[in-house]
Every structure is written in structure tokens, then in C-alpha cells.
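S.K.: Any chance you can model this:
(one chain, ligands or ions: 2)
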Amino acid sequence: MNTRTAAATRPEEERLTLDEAAIDRARENLDDGALTPSAGPWRGQIVELLNAALATELVCVLRYKRHHFTAHGIASPAIAAEFMIHANEETAHADRIAERIVQLGGEPDFNPSSLLERSHAEYDDSDSLEAMIRANLVAERVAVETYRQMIRLIGDKDPTTRRLIEDVLVDEEEHADEMKDLLSRQ
Ligand SMILES: [Fe+2]
Ligand SMILES: [Fe+2]
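M.R.: Ligands and ions are numbered 1, 2, ... in the order given. Take a look at the predicted model:
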């Protein structure tokens, strides 16, 4: 069967047809900015997922900063510096996630009183370098698992959010690898 015949016999429901009415509606409601009709019914739930991710990132910032300033021991200067690099990268993640929440018409939740309850990862104020690294490795693995699940859940419901989370996941996997290496040297 040549391709022309295949195309001619393809069932009507398989045609890739744009929703022209939705494109027309995109010309209205300009206050919605990037939010157009196909942003659809998942928007609220995606904002909820993003707010939990935002809380997680903020807790990670606080944990890494605490570790940066309290790390001590022979190897501590290099490791403390690594903790601060991670704190800054988690800050950048939090900022990108908050920005996306606003683009989706949601409200980024920075309320400190409920941060830990809403975060997937834990805070940690261990004194030993090894315990700090271990706590960070656990948190990074929690972040990696959470973001992998979010990518699957969001799928093609919101490609921009999915790409954002895919970017963040790359960093979290690097963080987890780095913490694993540090732990193996303790
Ligand atoms: Fe992060
Ligand atoms: Fe991380």
C-alpha cells in the first residue's frame, strides 16, 4: 500500500484537525494573557502540584543554607560551598515554578507557617557533615521521584509546565549524584 492510499483511507476521526472555534476564542479575554481555551480543566490541579513543588524547593533552600553555614570538619569548606551552590539552584527552581503558577492564573504560596506540611522534602538541622549529606541525598531523591511523577501526570496537558519540570529534574538528578558521591567519601 502506498502512502497516498493510506492517507485517503484514514478514518475521519484520525485527522489532525485544529479547533478553530477555540482559536477564535483566543482572540478574546486578553486579560488571561497566555491562558487560552485549551489551557483547560487541568489548570487548577497543575497549580496545586506546582505549589507543592514550590514548597519543596523553598524547604530545600532553607536546609541547604542551614547546612552551608553550620558545616564543619576537615572537608567542610568545599562541601559547604557545594551546599550554597545547591541552595542557589533550588532558589532558581522556586522562582521559575512561582512564575509559572502566576502565568497559569494561580497564586504562588510562600506562606512560611505551612511550608513544611506542603513540602515533599524535609528540613534538616543535623550537626555532622555526614548526616547533612545523607539528609540532602534523601531530599534530592524525593524531589527526583516527585518530578518524574509530575512529568507523567502532566503529559501533554500543559507542555510548558512539563518542560519546566523536566529542566528542574535534570538539576535534581545532578544534585542527587553529587550527594551520593560526597556520602561515599565520608
Ligand atoms: Fe530544586
Ligand atoms: Fe536539588
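
S.K.: Residues of this structure that sit close to ligand 2?
M.R.: 140, 172, 175 (C-beta under 5 Å from the ion). To be clear about C-beta, it is placed using only N, CA and C from the backbone, and glycine gets the same treatment.

S.K.: Most neighbours among the residues you listed, please name it.
M.R.: When neighbours are taken as other C-beta atoms under 10 Å, the top entry among those is Glu172 (27 neighbours).

S.K.: Pretty sure it sits against Ala139.
M.R.: No: contact status for Glu172 versus Ala139: not in contact, 9.3 Å apart, counting by C-beta atoms under 8 Å.

S.K.: which residues sit against stretch 54-65?
M.R.: 83-84, 86-87, 90-91, 93-94, 97-98, 101, 108-110, 114-116, 118-124, 135-136, 139, 142-143, 146 (C-beta atoms under 8 Å, 6 or more residues apart in numbering).

S.K.: Drop anything exposed from those.
M.R.: For these, a burial check counting by 16 or more other C-beta atoms under 10 Å picks out 83, 86-87, 90-91, 93-94, 97-98, 101, 108-109, 115, 118-121, 124, 135-136, 139, 142-143, 146.

S.K.: Cross the residues you listed against helices and list the overlap.
M.R.: 83, 86-87, 90-91, 93-94, 97-98, 101, 115, 118, 135-136, 139, 142-143, 146 (DSSP state H).

S.K.: tell me the contacts of the residue of the chain found nearest ligand 1?
M.R.: Per C-beta to the ion, His93 is where the chain lies closest to ligand 1, at 3.7 Å. Going by C-beta under 8 Å, 6+ apart, His93 touches 57, 168, 171.

S.K.: Which elements pack onto the helix or strand hosting the second one?
M.R.: Assigning secondary structure by DSSP states H and E places Val168 in helix 159-184. Using 3 or more C-beta pairs under 8 Å, 6 or more residues apart in numbering; DSSP states H and E as the contact criterion, the neighbours of helix 159-184 among helices and strands are helix 43-70, helix 76-103, helix 129-154.
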